[in-house]
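1. Sequence isn't available, so here's the structure alone:
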């Protein structure tokens, strides 16, 4: 049974945009580096994993989520280049042109759709591959779900429960509690005062959960804040999903769309992929 491949679209678009030169342009002179890099990553993953279909998840950048409302500092200070934003608007349609599903909805982050897809597949007894550079997704690792974490110049690292324990010292289900205690500088989640990665893991191994730690009277002055941080770090498995039937990609249609965007090289890559089917 082939797995579902779920991609964090924003994660891969950002990675491509910053890794490839801005001199990569479309025929009309518009930016093309994120489009080109994202397509290369998508095709490489499809060729290596041969999933039953692909779901690409996206953030909605112009609408705050409950996380932004609940914690003023959450993801504060992030500024995206205009050329990246332009390509982020084009990428969902490019992925959909091959017949792949896209998930994007106001009030949700790409992470939430990753979690919802995993919950959907696991309920059906199927396997999921989650491609993202965001370590928050380690909370999704299980016997049925593997995280594919990009590695520069190499194949993605395959992260399961053992790898999560090896890297963080906690089980996947404890990752939101771990983030709440340790904090997350990239998302501007403060964490508990004076608690680093090792101490957070030690506490969770001793008590089992953040709630049990708080039940022992620890972090009394910060208890409500830590519960909020855990809620923010927890991916929403109830996020709305599109239909996810098995799909054989329509690479010729994707090539046609790439040409309309002025990306002849991307169109050629899609056409070359037909020989892999």
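-> Cool, the structure landed. Because the structure is predicted, anything quoted here is derived from the model rather than measured.
2. Helices of this protein, start to end?
-> Secondary structure of the chain (DSSP state H): helices located at 9-19, 33-49, 66-70, 82-96, 110-123, 161-168, 175-182, 197-207, 210-215, 223-233, 251-260, 264-273.
3. which residues sit in contact with residue 195?
-> 181, 182, 183, 203 (CB atoms under 8 Å, 6 or more residues apart in numbering). Just so you know, the C-beta spots here come from the backbone N, C-alpha and C atoms, and that holds for glycine as well.
4. now that we have these, which one has the most neighbours?
-> Neighbour counts for the contacts of residue 195, by other CB atoms under 10 Å, peak at residue 181, which reaches 26 neighbours.
5. So that residue sits against residue 190, correct?
-> No: if you go by CB atoms under 8 Å, residue 181 and residue 190 don't touch, sitting 10.6 Å apart.
6. which residues of this protein score low on pLDDT?
-> Filtered on pLDDT under 70, the chain yields the residue ranges 77, 275-277.
7. Domain ranges for it, per the record?
-> If you go by automatic domain parsing, the domain ranges for the chain are 4-161+235-276, 166-233.
8. ok, which pair from the contacts of residue 195 is furthest apart?
-> Across these, the longest distance by CB to CB is 13.6 Å; it joins 183 and 203.
9. any idea how far the residue nearest to residue 181 when sequence neighbours are not counted lies from residue 237?
-> Among residues not flanking residue 181 along the chain, residue 200 sits closest, at 3.9 Å (CB to CB, 6 or more residues apart in numbering). Taking CB to CB, to the nearest Å as the measure, residue 200 falls 23 Å from residue 237.
10. Residue 111: how many residues sit nearby?
-> With other CB under 10 Å as criterion, residue 111 counts 27.
11. Spit out the contact partners of residue 24.
-> Contacts of residue 24 (CB under 8 Å, 6+ apart): 31, 32, 33, 36.
12. Could you pull up the residues touching residue 97?
-> Residue 97 sits in contact with 250, 253, 254, 256, 257, 258, where contact means CB under 8 Å, 6+ apart.
13. still on that earlier bit, out of residue 200 and residue 237, which sits in the more crowded spot?
-> Each of residue 200 and residue 237 has its neighbours counted (other CB under 10 Å); residue 200 has more, 25 against 17.
14. isn't the more buried one right up against residue 176?
-> No: counting by CB under 8 Å, residue 200 stays clear of residue 176, with 11.5 Å between them.
15. Who are the contact partners of the nearest residue in space to residue 274 that is not next to it in sequence?
-> Among residues not flanking residue 274 along the chain, residue 251 sits closest, at 5.0 Å (CB to CB, 6+ apart). By CB under 8 Å, 6+ apart, the contact set of residue 251 is 98, 270, 271, 273, 274, 277.
16. give me that answer again for 6 Å
-> 270, 273, 274 (CB atoms under 6 Å, 6 or more residues apart in numbering).
17. circling back: closest to residue 68 among the contacts of residue 195?
-> residue 183 (17.1 Å).
18. The closest one reaches residue 190, doesn't it?
-> Yes: at 5.3 Å, residue 183 counts as touching residue 190 under the criterion of CB atoms under 6 Å.
19. distance of residue 180 from residue 170?
-> 12 Å.
20. Out of these two, name the residue with the larger neighbour count.
-> The residue with more neighbours, out of residue 180 and residue 170, is residue 180; 29 against 22, by other CB under 10 Å.
21. The more buried one: what's it in contact with?
-> 210, 226, 229, 230, 233 are the contacts of residue 180 under CB under 6 Å, 6+ apart.
22. make it 8 Å
-> 189, 191, 192, 210, 226, 227, 229, 230, 233.
23. now swap in residue 89 and tell me
-> Neighbours of residue 89 in contact, by CB under 8 Å, 6+ apart: none.
24. The residue nearest to residue 210 when sequence neighbours are not counted: how many residues sit nearby?
-> Nearest residue to residue 210 in three dimensions, chain neighbours excluded: residue 177, at 3.9 Å (CB to CB, 6+ apart). When neighbours are defined as other CB under 10 Å, residue 177 has 28 of them.
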